[in-house]
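Chemist: Requesting a structural model of the entry that follows:
(chains A and B)
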There are 2 protein chains.
Amino acid sequence: MASRTPSAAPTSPRTARSSGRAADRTGAPDGATPDLAAPGGTAAGAPAGKGGERPRRRLSVDERREQLIAVALDLFSRRPPEEVSIDDIAAAAGASRPLVYHYFPGKQALYEESLRRAGRELAGRFEEPADGPLSERLYRVMGRYLDFVQSHGPGFAALLRGGSVAASAGTSAVIDEVRRAAHDQILSHLAVPSPSPGLRLTVRAWIANAEITSLEWLGERSVPLEELQLHLVQEFVAALTLTAAREPALAAELAGFFAAERPAGPAGRLVRELGGLFAVPGIADAVAALAVEPAD
Amino acid sequence: MASRTPSAAPTSPRTARSSGRAADRTGAPDGATPDLAAPGGTAAGAPAGKGGERPRRRLSVDERREQLIAVALDLFSRRPPEEVSIDDIAAAAGASRPLVYHYFPGKQALYEESLRRAGRELAGRFEEPADGPLSERLYRVMGRYLDFVQSHGPGFAALLRGGSVAASAGTSAVIDEVRRAAHDQILSHLAVPSPSPGLRLTVRAWIANAEITSLEWLGERSVPLEELQLHLVQEFVAALTLTAAREPALAAELAGFFAAERPAGPAGRLVRELGGLFAVPGIADAVAALAVEPAD
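Modeler: Sure, this is the predicted structure:
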């Protein structure tokens, strides 16, 4: 994914670009040297703390840019984009408004860039070694995914809910990229020789399920996160099984997946939970009646 | 859902509003009497045909407004919003540009209004009498839903894909309204006394599944529509079953649902398809091994 903002900022403040907005920038010293207000020598990317007078040093251009992105990402994670201003970002970074505009043409560019970073980080969390039972691999991935959702809650919600004032072709591209990464990772773990359209559809639909479920969860937090993690994995196992029931080639692969599963894992727990349903009065009889081929 | 556009248009052309755009309206007689170019006495709402000189009559203000919305909906269904211009709408309606601007301040307003109509129509398709097995009711609903998706394809895709130039708080509200209607209809058919958060989440996640699946289907049409209809219903039955496996109160209801199902219906077919999986070498043994409680 190509970044639209240059990877190195020019060396003088972007006065031409910012002059049009000068009226609402009262209080910020115009033309301030970019790096004076940098916080102490922490790693670029750490949000600036307000306390502690530590010795200051100038951040390099790259460090400053990274710091602004990290601060923006932090703010955009905690609030919807329309509730974050360039002033907020400047304040959190211990920088001036002109300095922020020196690096980014405006809020939308900073939003999209921080989103691209978040998307890249999220996509990285899908990566998982191809070892052990499938449902346990997915369970670990979902743990990292839900941890991301939790720590970037409001921003994640604003992004996926759509209709956000900051939604654009750029933000859509980031979302699509993350979905594609998830899709590709899952298919790589399934390691099915040539995935059918039906299987791809199942994977995509389950990703949509994971998105909407975590989005709803953020609003209500009605179940513990670990439950959500388990349920999503079990829903994947169920969706895969349903697809295999319609596709003989996948059914043969499914046998291999199940053979590698362990009773204590998500798939094992699912099998026993479903088995438990048969003890509920009426269910076993009703299912047995449905198993009979219809007369006509 | 409140409409943002007035239900009756003013009686004189909106010259004040349209004057800013006069430069790109060459060819259209400015200040034309709104109803002169109306097609023959067909029902308001029918797109204007180009042939056949039938006797013309003036459309009433309400008829004309409805006709413009219907024409816009037809165009927005067949092309993404950015590929539909006010000129296209005027031409298809057999009207002038100023006439369209007389009724609507611009393309976005017309887009949102036609979307509201489409949303209302779609929500209406979810309504289904509470008779017969649950899976068969849902199957009928999904038939009507997929018919809508098919006939409004490109517009439906552009809308749900997000990041469209025409996406706005208004379009988001329409989507949310349709989702809520689907959610409420399904819960009313389940008729569970007090639906748990888990069940509500299952319903919402399945709706997301239906959206993404039909969206993907529109792009590839890799399976017949009837298969998609069946699969979606079966996925709902499976998701409901999984939720019931975790919620004893729902499990008791599930027994009732299954007891009312018929072997020839979607649930019956699902039971037999899953039963067929157990004939696949290795699956029955693997599942039996997972059914055993783990040692630790």
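Chemist: and after whatever helix or strand A:Tyr101 lives in, which helix or strand comes next?
Modeler: Using DSSP states H and E, A:Tyr101 sits within helix A:97-103. Tracing the chain past helix A:97-103, the next element assigned as helix or strand by DSSP H and E is helix A:107-125.
Chemist: Pull the distance from that next one to the chain's centre.
Modeler: Relative to the centre of its chain, helix A:107-125 is centred 9 Å away, using C-alpha atoms, centre = their mean, to the nearest Å.
Chemist: what about that helix, near chain B?
Modeler: No - figure legend: helix A:107-125 not in contact with chain B (C-beta under 8 Å from any C-beta of the partner chain); closest approach 11.6 Å. Just so you know, the C-beta spots here come from the backbone N, C-alpha and C atoms, and that holds for glycine as well.
Chemist: And for A:Pro98, the neighbour number?
Modeler: Neighbour count for A:Pro98, taken as other C-beta atoms under 10 Å in any protein chain shown: 22.
Chemist: Who are the packing partners of the helix holding A:Tyr101?
Modeler: With contacts taken as 3 or more C-beta pairs under 8 Å, 6 or more residues apart in numbering or on different chains; DSSP states H and E, helix A:97-103 sits against helix A:15-18, helix A:61-78, helix A:86-93.
Chemist: Rebuild those helices as CSV, extending it with distance to B:Glu127 and mean pLDDT.
Modeler: Shown next, in CSV, are those (distance: least, C-beta to C-beta, whole Å; pLDDT from 0 to 100):
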stretch, distance to B:Glu127, mean pLDDT
helix A:15-18, 54, 37
helix A:61-78, 40, 89
helix A:86-93, 46, 94
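Chemist: ranking these by burial, who's on top?
Modeler: Comparing the helices and strands packed on helix A:97-103 by mean neighbour count (mean count of other C-beta atoms under 10 Å in any protein chain shown), helix A:61-78 comes out on top with a mean of 21.
Chemist: Need the CA coordinates for that helix. PDB is fine.
Modeler: Provided in PDB are the C-alpha atoms of helix A:61-78 (Å, rounded to 0.1, in the frame of the first residue of the first chain):
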ATOM      1  CA  VAL A  61      12.400  14.800  10.800                       C
ATOM      2  CA  ASP A  62      11.600  11.100  10.600                       C
ATOM      3  CA  GLU A  63      11.300  10.800  14.400                       C
ATOM      4  CA  ARG A  64       9.000  13.800  14.600                       C
ATOM      5  CA  ARG A  65       6.800  12.500  11.800                       C
ATOM      6  CA  GLU A  66       6.600   9.100  13.500                       C
ATOM      7  CA  GLN A  67       5.800  10.700  16.800                       C
ATOM      8  CA  LEU A  68       2.900  12.800  15.300                       C
ATOM      9  CA  ILE A  69       1.500   9.700  13.600                       C
ATOM     10  CA  ALA A  70       1.700   7.700  16.900                       C
ATOM     11  CA  VAL A  71       0.000  10.600  18.900                       C
ATOM     12  CA  ALA A  72      -2.700  10.900  16.200                       C
ATOM     13  CA  LEU A  73      -3.300   7.200  16.200                       C
ATOM     14  CA  ASP A  74      -3.600   7.200  20.000                       C
ATOM     15  CA  LEU A  75      -6.200  10.000  19.800                       C
ATOM     16  CA  PHE A  76      -8.100   8.600  16.800                       C
ATOM     17  CA  SER A  77      -8.200   5.300  18.700                       C
ATOM     18  CA  ARG A  78      -9.900   6.900  21.700                       C
END
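Chemist: residue ranges with poor pLDDT in the stretch 1-150 of chain A?
Modeler: For the stretch 1-150 of chain A, applying pLDDT under 70 flags the ranges A:1-56.
Chemist: So which bits of it are right by chain B?
Modeler: Counting by C-beta under 8 Å from any C-beta, no residue of the stretch 1-150 of chain A sits close to chain B.
Chemist: for the helices and strands packed on helix A:97-103, which one sits closest to A:Phe148?
Modeler: The closest of those to A:Phe148 is helix A:61-78. By C-beta to C-beta, the value is 9.6 Å.
Chemist: chain center to that closest one: distance?
Modeler: Centroid separation for helix A:61-78 versus its chain: 17 Å, with C-alpha atoms, centre = their mean.
Chemist: A:Leu160 versus the most centrally placed residue in chain A, what's the distance?
Modeler: Chain A has A:Leu122 as the residue nearest its centroid, 4.5 Å off, counting by C-alpha atoms, centre = their mean. Distance, A:Leu122 to A:Leu160, by C-beta to C-beta, to the nearest Å: 12 Å.
Chemist: and if you look at A:Leu228?
Modeler: Going from A:Leu228 to A:Leu160 by C-beta to C-beta gives 16 Å.
Chemist: Between these two, tell me which one has more neighbours.
Modeler: A:Leu228 (22 against 17).
Chemist: Surely that one is in contact with A:Asp147?
Modeler: No - A:Leu228 is beyond contact range of A:Asp147, at 11.4 Å (criterion: C-beta atoms under 8 Å).
Chemist: Can you check which helix is longest in chain A?
Modeler: helix A:197-220 (DSSP state H).
Chemist: Tell me the buried residues in that one?
Modeler: A:198-218 (16 or more other C-beta atoms under 10 Å in any protein chain shown).
Chemist: what subset of those residues is also close to chain B?
Modeler: When contact is defined as C-beta under 8 Å from any C-beta, the buried residues of helix A:197-220 meet chain B at A:198, A:200-201, A:204-209, A:211-213, A:216-217.
Chemist: I'd like those written out as CSV, with pLDDT added.
Modeler: CSV is the format used below for those (pLDDT from 0 to 100):
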residue, pLDDT
A:Gly198, 89
A:Arg200, 92
A:Leu201, 89
A:Arg204, 91
A:Ala205, 90
A:Trp206, 93
A:Ile207, 92
A:Ala208, 88
A:Asn209, 89
A:Glu211, 89
A:Ile212, 86
A:Thr213, 88
A:Glu216, 84
A:Trp217, 86
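Chemist: Return the closest of these with respect to B:Glu113.
Modeler: B:Glu113 lies nearest to A:Ile212 out of these, by C-beta to C-beta, at 27.4 Å.
Chemist: give me the low-pLDDT residue ranges for the stretch 151-296 of chain A?
Modeler: A:161-167, A:296.
Chemist: Give me the helices and strands touching the host helix or strand of A:Gly155, please.
Modeler: According to DSSP H and E, A:Gly155 maps onto helix A:153-161. Contacts defined by 3+ C-beta pairs under 8 Å, 6+ apart place helix A:153-161 against helix A:61-78, helix A:169-190, helix A:197-220.
Chemist: Redo those as CSV? Include distance to B:Asp285.
Modeler: CSV is the format used below for the helices and strands packed on helix A:153-161 (distance: least, C-beta to C-beta, whole Å):
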stretch, distance to B:Asp285
helix A:61-78, 47
helix A:169-190, 21
helix A:197-220, 23
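Chemist: Any idea which of those helices gets closest to A:Pro263?
Modeler: The nearest among the helices and strands packed on helix A:153-161, by C-beta to C-beta, is helix A:169-190 at 20.5 Å.
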